[in-house]
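>>> No letters, just coordinates:
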């Protein structure tokens, strides 16, 4: 069985597939992302499918399974994507602190069939996340990276939906979750494992 | 402020304190562990307190905060500690698969006061964990390490309460949790952060 293709360049998604020992190659999708909904579970599934099918089409290789995924944070009927700058990141954490929000990850497993059709299976998982009340100083300290033991090239909140990393120092402020933890990191790997089993990939 | 003392040699607990950037030194407790209860939340708090106070006494340094912790898995009114061998590990996973269980971590923050008394604050967190149904082959494959991408010195289940690592490849079988994820790894770090704030340690 050839490795599956991950249609995402996210280092966290790569790490999660490695964690459960699924062989994969990376071909990030370059397609345009078109959303026709504002309902989180629909948005993430639409985008996951666009990413997966974009790679299936460009690859044009029969039977090779492609995995596309997209994650958003929903807080009080607002969808939070990746913050564009520090100011927006501070606003997002300000919105999330002291209450619960929802993280949605949509996944699409897609492949080209022998008859030229594209087979796609799409699903999503939702995880509820509770954030402790934070002072303005704590929010600023987090965004400035003052809780980070080791600084990478980017600050923890950069490039992350909702402006936080649950697997990083923001864990100090997450009092509990309900659902799949790894769904918040970027992939619902327990569900993915079961779906790959159904497709006889593992 | 001097670093706190972690009264545990667990590599996972060290990693969690590092993750939220809390300065610490390690002095593992060597005291005997005495349990006078079979109620999980009491067991973990008793053991956490014994570990912390043992180190406070041997250290004999005023005002230095010591953190002791203990984790157990409770499944159908049975307490699962660390498995002693492969056979017991297989039994434990067999017991956990296809249902929910509870993980309890007790924490004790302890220090020697100026008047010679020992101050101790003890608490616990409980996390509910759901494990997918597993076939006998999947249980065996897990215990034999066949899901592990990289093998360490030990197999994943060795030295872990309940015979699994939520942060490792067993994540493929954990469909959801309710509570603090890091409590299952070994320390409820969100709660610990709040308690250290109350004690003016951070």
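Looks like it came in fine. No experiment lies behind these values; they were computed from the predicted model shown. Numbers count the residues shown, from 1 in each chain, chains lettered A, B, ... in the order given.

>>> Only C-alpha atoms from now on, for both contacts and neighbour counts.
Fine.

>>> I'd guessed residue A:41 sits against residue A:104; true?
Yes - shown here, residue A:41 and residue A:104 form a contact pair, counting by C-alpha atoms under 8 Å, at 6.3 Å.

>>> Name the single longest helix found in chain A.
In chain A, ranked by residue count with DSSP state H as the criterion, the top helix is helix A:40-59.

>>> on that earlier part again, pull up the overlap in contacts between residue A:41 and residue A:104.
Residues touching both residue A:41 and residue A:104 (C-alpha atoms under 8 Å, 6 or more residues apart in numbering or on different chains) are residue A:124.

>>> Looking at the two now, which is surrounded by more residues?
residue A:104 (26 against 20; other C-alpha atoms under 10 Å in any protein chain shown).

>>> I'd like the distance between the residue lying closest to residue A:110 once chain neighbours are set aside and residue A:66.
Nearest residue to residue A:110, sequence neighbours excluded (C-alpha to C-alpha, 6 or more residues apart in numbering or on different chains): residue A:120, at 4.2 Å. For residue A:120, the distance to residue A:66 equals 9 Å [C-alpha to C-alpha, to the nearest Å].

>>> Which one's more surrounded, those two?
Regarding residue A:120 and residue A:66, a neighbour count based on other C-alpha under 10 Å identifies residue A:66 as having more, with 28 against 16.

>>> Report the buried residues of stretch A:178-197.
A:178-195 (16 or more other C-alpha atoms under 10 Å in any protein chain shown).

>>> Partner strands of the lowest-mean-pLDDT helix or strand in chain A, with direction?
Counting by mean pLDDT, DSSP states H and E, the weakest-scoring helix or strand in chain A turns out to be strand A:78-80, with a mean of 93. Using DSSP bridges, strand A:78-80 pairs in its sheet with strand A:66-75 (antiparallel).

>>> Show me which positions of the strand it pairs with end up buried.
A:66, A:67, A:68, A:69, A:70, A:71, A:72, A:73, A:74, A:75.

>>> Equivalent analysis for stretch A:153-168, please.
Those would be A:155-168, for stretch A:153-168 by 16+ other C-alpha under 10 Å.

>>> Please report how far the residue sitting furthest away from the middle of chain A lies from residue A:5.
The centre of chain A is farthest from one residue, residue A:115, which by C-alpha atoms, centre = their mean lies 31.5 Å away. Going from residue A:115 to residue A:5 by C-alpha to C-alpha gives 20 Å.

>>> Helix, strand, or coil at residue A:105?
Secondary structure state of residue A:105, per DSSP: H, G, I helix; E, B strand; the rest coil, is strand.

>>> got the contact list for it?
Neighbours of residue A:105 in contact, by C-alpha under 8 Å, 6+ apart: A:41, A:44-45, A:69-72, A:124-126, A:183-184, A:186-188.

>>> Likewise for residue A:18?
residue B:149 are the contacts of residue A:18 under C-alpha under 8 Å, 6+ apart.

>>> again, but for residue A:160
A:81, A:82, A:83.

>>> what's the neighbour count on the first one?
I take that to be residue A:81. 16.

>>> On the pLDDT front, check it for me.
Among the per-residue scores, residue A:81 holds a pLDDT of 90.

>>> ok, and the closest non-adjacent residue to it?
Residue A:81 sits nearest to residue A:161 (C-alpha to C-alpha, 6+ apart), 4.4 Å away.

>>> these two touch, right, that neighbour and residue A:71?
Yes - Residue A:161 is within contact range of residue A:71, at 6.9 Å (criterion: C-alpha under 8 Å).

>>> Close to chain B: what parts of chain A are there?
Selection of chain A residues close to chain B by C-alpha under 8 Å from any C-alpha of the partner chain yields A:18-21, A:147-149, A:168-181, A:189-191, A:193.

>>> So which of these belong to strands?
Counting by DSSP state E, the part of the residues of chain A next to chain B found in strands is A:174, A:175, A:176, A:177, A:178, A:179.

>>> Just grab the bridge partners of the last one for me.
Here residue A:179 sits in beta bridges with residue B:177, as judged by DSSP bridges.

>>> contacting residues around it?
Residue A:179 neighbours (C-alpha under 8 Å, 6+ apart): A:126, A:127, A:128, B:175, B:176, B:177, B:178.

>>> Greatest separation within those residues: which pair is it?
Pairwise distances across the contacts of residue A:179 (C-alpha to C-alpha) peak at 13.7 Å, for the pair A:128 and B:175.

>>> Return the residues in contact with the residue lying closest to residue A:124 once chain neighbours are set aside.
Closest residue in space to residue A:124, ignoring its immediate chain neighbours: residue A:106 at 4.1 Å, by C-alpha to C-alpha, 6+ apart. Listed by C-alpha under 8 Å, 6+ apart, the contact partners of residue A:106 are A:41, A:44-48, A:69-71, A:122-125.
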